[in-house]
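Undergrad: Next comes the sequence, and after it the predicted model I'd like to discuss.
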Amino acid sequence: MANTSSNILIAMKNYADVNAFFAPVFNTSAYPNGLGLWSADTPLTNLQNRFLSIKSRTLDCVPDSTQFVIDLGTTRDIEVVVIPTHNLLTATSPTATVTLYADAALTQMVASKSISVYPSVYSWGSLAWGSSSWWAGTVSPEDASAYPQPILFIWPTPQLARYVKVQINDPANAVGYIELSRLFVCPGYQPSVNIKYGAQLAVADDTIVTRSMGGADYYDQRPHRRTMVMSIDYLPQNEAFSQIFDAEIRMGTSGQGFVAMFPADGTNLARTSFLFTFAKLDPLTAAAYGVSGVSLALQEVVA
């Protein structure tokens, strides 16, 4: 199989959510460390709520307080861990670490990865001299407010683990607490054949415009959301059914996933990655013997 490291990444099964077979739990007494200090009014279970307005919040910003462990209930094949939205500040250069374990005592480490939450997002020469982001290339607080900046961890191959420890490091956060919305722990899927040229990434505006008798426009402003429309002409049939068709049956148009259109492009990762639902469920096409045509239409979850 070809190297798919730069192919679109779609995470369509969230192991952190409760389902009919497994009920993942946070910070049980079995863990020796890493319980954090989370508010009883905004508990970690809020990370399993589909609404981004339902958040989990710590009581302070001390690193020992801003971490947690989740028991997925069974060993899982993990490639992606992502927190789509948060209140981490660009000015404080926050970092995050995810460590995967096989045992409840957190002694059998499977994998660990640390990242900068706000990496460089401007290529050399794209900003004017003197810009606030010119030297480091990191996004400004003003620009970061335009769209979510995900905390995204990707492993190149599946990591078999049951326990996931997340550590947030932003002790200088002026807000005085760390706030997170949603948690995805997923197998991840990168198709063996990448999406074809002509794929579209767009911004949709649901704002309602009312025009007065005098011709003035009045706007009932709504959040902007990103959309993706893409296709693969010739995907191996078994892969199309096991990955795309099964996901559409499982998720419908209400289930949530996470997409990174260009996962190897660190500069544009936040711009081209978001929490999504299927805008519609397109049919698989019998393109030729043993291969299927696949079309996907995704829309961003903004609330």
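TA: Looks like it came in fine. Numbers count the residues shown, from 1 in each chain.
Undergrad: Could you pull out the buried residues of the helix of greatest length in the chain?
TA: Ranked by number of residues, the top helix in the chain under DSSP state H is helix 246-251. With burial defined by 16 or more other C-beta atoms under 10 Å, the residues of helix 246-251 counted as buried are A247, E248, M251. Where you see a C-beta, it was placed from the backbone N, CA and C, and this is true even at glycine.
Undergrad: what about the last one, distance to A204?
TA: In this structure, M251 lies at 20 Å from A204, with C-beta to C-beta, to the nearest Å as the measure.
Undergrad: follow-up on the earlier one: closest one of the buried residues of helix 246-251 to D64?
TA: For the buried residues of helix 246-251, the residue nearest D64 by C-beta to C-beta is M251; the value is 36.7 Å.
Undergrad: check contacts around that closest one.
TA: Applying C-beta atoms under 8 Å, 6 or more residues apart in numbering to M251 gives the contacts M12, G257, T277, F278.
Undergrad: So what's the residue count around the second one?
TA: Translated: G257. 21 (other C-beta atoms under 10 Å).
Undergrad: helices and strands of this protein: which one bottoms out on pLDDT?
TA: Using mean pLDDT, DSSP states H and E, the weakest-scoring helix or strand in the chain turns out to be helix 141-144, at a mean of 77.
Undergrad: continuing past it, what's the next helix or strand?
TA: strand 151-169 (DSSP states H and E).
Undergrad: chain center to the next helix or strand after that next one: distance?
TA: Once the chain leaves strand 151-169, the next helix or strand it forms, by DSSP H and E, is strand 179-181. Offset of strand 179-181 from its chain centre (C-alpha atoms, centre = their mean, to the nearest Å): 12 Å.
Undergrad: can you check stretch 283-296 too?
TA: Per C-alpha atoms, centre = their mean, the centroid offset for stretch 283-296 relative to its chain is 27 Å.
Undergrad: From one end of it to the other, what's the distance?
TA: For stretch 283-296, the separation between the terminal residues is 9 Å (C-alpha to C-alpha, to the nearest Å).
Undergrad: Pull out the buried positions in that stretch.
TA: Counting neighbours by 16+ other C-beta under 10 Å, stretch 283-296 gives L284, A287, V291, S292, G293, V294, S295, L296 as buried.
Undergrad: one step back: any chance of the buried residues of helix 246-251 in CSV, with distance to G198 and pLDDT too?
TA: Listed next are the buried residues of helix 246-251 as CSV, based on distance: C-beta to C-beta, whole Å; pLDDT from 0 to 100:
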residue, distance to G198, pLDDT
A247, 22, 97
E248, 22, 97
M251, 25, 97
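Undergrad: rewinding a little: just the CA coordinates for the longest helix of the chain, please, in CSV.
TA: The C-alpha coordinates for helix 246-251 follow below in CSV (Å, rounded to 0.1, in the frame of the first residue of the first chain):
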residue,chain,number,x,y,z
ASP,A,246,-20.2,1.4,7.3
ALA,A,247,-19.5,4.9,8.6
GLU,A,248,-22.5,6.3,6.8
ILE,A,249,-24.7,3.6,8.3
ARG,A,250,-23.3,4.2,11.8
MET,A,251,-23.3,8.0,11.7
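Undergrad: who does the first helix or strand past it going along the chain pair up with?
TA: Following helix 246-251 in sequence order, the next helix or strand is strand 257-260 (DSSP H and E). Strand pairing for strand 257-260, determined by DSSP bridges: strand 9-11 (antiparallel), strand 273-280 (antiparallel).
Undergrad: which residues are in contact with strand 257-260?
TA: Strand 257-260 is touched from outside by 8-12, 14, 80, 82, 84, 150, 152, 154, 184, 186, 228, 247, 251, 269, 272-277, 298, with contacts defined as C-beta under 8 Å, 6+ apart.
Undergrad: if I pick R225, what's in contact with it?
TA: Contacts here follow C-beta under 8 Å, 6+ apart; on that basis R225 touches V203, A204, D206, Q299, E300, V301, V302.
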